[in-house]
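[1] below are the sequence and a predicted model for it; my questions follow.
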Amino acid sequence: MQDTKLYEQILGLKDPWKVSRVEVNVDRQEVGIWVEHAPEASFACPVCGKGCGLYDHAPQRSWRHLDTCQFQTHLHARVPRVSCPEHGVVNAEVPWGAKSSRFTLLMERLIIDLLQACQNIQSVCRLIQISWGAVASVMARAVERGQRRKAPTAIAYMGVDEKAFKKRHQYITVVSDLENGSVEYVAQHRTSESLAGYYLQLSDQQRQGIQAVAMDMCRAYEHATTQHLPDGEKKIVFDRFHIMRNTNEALDRIRQSENWELSRQKDQTLARTRQLWLWSQENLPEKYQDRFAQLKTLDLKTAKAWALKEHLRRLWDQPDVAAARRFFGHWKRWVQRTKLPPMIHLARTLESKLEKIVSYCRHPITSAGCEGLNSKIATVQKRAAGFRNIERLKTAILFYCGKLDLYP
């Protein structure tokens, strides 16, 4: 078989395209493939798809293809231009490459596979010897392609969380589909406008289809959801894990204050016990259980705060909203009797947000899925040694966490 026929079959070329010649440069370890079309061929307009006659050709272009053994392979052709009555003179589409791409479709698929495996642009550059910018362009086109293909469906349960972008309190807002486990939207900052940008791009039907939104007690996110979702006030579910984190912080402040008082009296009872109080009861390691059982029997403010913390966890086990309200009322009165300022302040804060906390009984969702995605994003940031450009970070997040159809 002639080398031209061999590469026609390898490339999957069909009439009117054919391989006119193949050149091998052993010194440079390259294979060059020149492709032409039949003179009488006609092509479709890339915009409307109508058949049009040949107008002329664009200057010769090159596309990097999959390697032939150890040799880099480059495909060369002059792209035909057609004259469309509606859209004027435009470049026709070629079967082996996408518009404005420097790679064939098969090469782009390989680059996407390598990016998914390596999760690092620089590693892909070393493997196939192409520039960083070229790989980044493939990633950006893949994300754009995936978003264009994505059907505009309504998300029933969504999560909103923040993620640190750089030092000095620079954040991004990440919106995710809790059922699908995918990132749907990324915006700079953690303001009301950051989340509002996502809601405004949705249709009325999509906004109506959102049943609940899990978030931390961020006023900006709360305001955006209330303003831009129908019955948004009733759809907010404040995340239980963030609430329990706030409870642990109040508990730790009490422990620190009491430990300082005891230390002044040369009493080391609470020294090096921080983590014992923060563990949930069922997760306490066995080797600490005897010591912790003894600590709980002592007349300590920290022990009282720990009991309040553990009891509050039962709020999310209540069968309905009314039962959850009653449970919180009992818990708040217990807090007030203990006269522990950090816990009293926490109880007042939770009371002001109570309806959005007990809405968990209607929609039992949390932002645990968001935290899982945040871990993936942190891995992407670490492997890339950070991102200086916010748009690069957005593209990387959607590429790795968006569950998009990326392939050409």
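    Cool, got the structure. Numbering: from 1, shown residues only.
[2] burial measure for residue 263, as a count.
    Per other CB atoms under 10 Å, the neighbour tally for residue 263 reads 13. Quick note: C-beta positions are derived from backbone N, CA and C, even for glycine.
[3] tell me the contacts of it?
    Each residue near residue 263 by CB atoms under 8 Å, 6 or more residues apart in numbering is listed here: residue 271.
[4] what does residue 230 give?
    Taking CB under 8 Å, 6+ apart, one finds 207, 208 in contact with residue 230.
[5] that one should be in a helix, yeah?
    No: counting by DSSP: H, G, I helix; E, B strand; the rest coil, residue 230 is not found in a helix; it is coil.
[6] can you report phi and psi for it?
    Backbone torsions of residue 230, given as degrees, to the nearest 10, read phi -60, psi 130.
[7] repeat that for the one 10 residues further on.
    Listed backbone geometry of residue 240 is phi -70, psi -30, with angles given as degrees, to the nearest 10.
[8] what about it, how many residues nearby?
    Residues near residue 240, counting by other CB under 10 Å: 20.
[9] show me what the worst-scoring helix or strand of the chain on mean pLDDT is packed up against.
    Least confident helix or strand, the chain: strand 51-52 with a mean of 82, by mean pLDDT, DSSP states H and E. With contacts taken as 3 or more CB pairs under 8 Å, 6 or more residues apart in numbering; DSSP states H and E, strand 51-52 sits against strand 43-44, strand 71-84.
[10] give me the sheet partners of the longest one and which way each runs.
    Here strand 71-84 has these sheet partners by DSSP bridges: strand 30-37 (parallel), strand 54-68 (antiparallel), strand 88-91 (antiparallel).
[11] buried stuff in the longest one?
    In other words, strand 54-68. For strand 54-68, burial by neighbour count (16 or more other CB atoms under 10 Å) applies to 54, 55, 63, 64, 65, 67, 68.
[12] partners of the fourth one in the sheet?
    In this entry, residue 64 is beta-bridged to residue 74, residue 103, by DSSP bridges.
[13] mind checking how far the closest residue to residue 361 other than its chain neighbours is from residue 242?
    Nearest residue to residue 361 in three dimensions, chain neighbours excluded: residue 321, at 4.8 Å (CB to CB, 6 or more residues apart in numbering). For residue 321, the distance to residue 242 (CB to CB, to the nearest Å) stands at 20 Å.
[14] more neighbours: the two, which one.
    Applying other CB under 10 Å to residue 321 and residue 242 shows that residue 242 carries more neighbours, namely 18 against 15.
[15] can you tell me the helix or strand for the more buried one?
    Per DSSP states H and E, residue 242 falls inside helix 240-264.
[16] let me see the mean pLDDT of the following helix or strand past that helix.
    Per DSSP H and E, helix 240-264 leads on to helix 274-278 as the next helix or strand towards the C-terminus. Across helix 274-278, pLDDT averages out at 92.
[17] alpha carbons of helix 274-278, in CSV - could you do that?
    The C-alpha coordinates for helix 274-278 follow below in CSV (Å, rounded to 0.1, in the frame of the first residue of the first chain):
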residue,chain,number,x,y,z
ARG,A,274,-8.6,20.9,72.7
GLN,A,275,-9.2,18.1,70.2
LEU,A,276,-11.0,15.9,72.7
TRP,A,277,-13.8,18.4,73.1
LEU,A,278,-14.1,19.0,69.3
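[18] give me the contacts around it.
    Contacts of helix 274-278 (CB under 8 Å, 6+ apart): 248, 251, 252, 255, 284, 288, 291, 292, 295, 302, 305, 306.
[19] mind doing that once more with 10 Å?
    Residues outside helix 274-278 that contact it (CB atoms under 10 Å, 6 or more residues apart in numbering) are 245, 247-249, 251-252, 254-256, 259, 270, 284-285, 288-289, 291-292, 295-296, 300, 302-303, 305-306, 309.
[20] how many residues are close by residue 258?
    Counted with other CB under 10 Å, residues neighbouring residue 258 total 19.
[21] where does it land on pLDDT?
    Looking at residue 258, its pLDDT is 94.
[22] pretty sure it is touching residue 271, no?
    No: using CB atoms under 10 Å, residue 258 is not in contact with residue 271; the gap is 11.3 Å.
[23] what's the helix or strand for the residue nearest to residue 201 when sequence neighbours are not counted?
    In space, and not counting its chain neighbours, residue 201 is closest to residue 185: 7.9 Å by CB to CB, 6+ apart. Residue 185 is part of strand 182-188 when elements are defined by DSSP H and E.
[24] name the helices or strands packed onto that strand?
    For strand 182-188, the packing partners by 3 or more CB pairs under 10 Å, 6 or more residues apart in numbering; DSSP states H and E come out as strand 157-166, strand 170-177, helix 192-200, helix 368-383, helix 390-401.
[25] and that strand, average pLDDT?
    The average pLDDT within strand 182-188 is 94.
[26] now mean pLDDT and distance to residue 148 too, for the strands paired with strand 71-84, in JSON lines please.
    Rendered in JSON lines, the data for the strands paired with strand 71-84 read as follows (pLDDT from 0 to 100; distance: least, CB to CB, whole Å):
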{"stretch": "strand 30-37", "mean pLDDT": "92", "distance to residue 148": "27"}
{"stretch": "strand 54-68", "mean pLDDT": "89", "distance to residue 148": "22"}
{"stretch": "strand 88-91", "mean pLDDT": "88", "distance to residue 148": "19"}
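[27] CSV for those strands, including distance to residue 150?
    Conversion of the strands paired with strand 71-84 to CSV gives the following (distance: least, CB to CB, whole Å):
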stretch, distance to residue 150
strand 30-37, 33
strand 54-68, 27
strand 88-91, 26
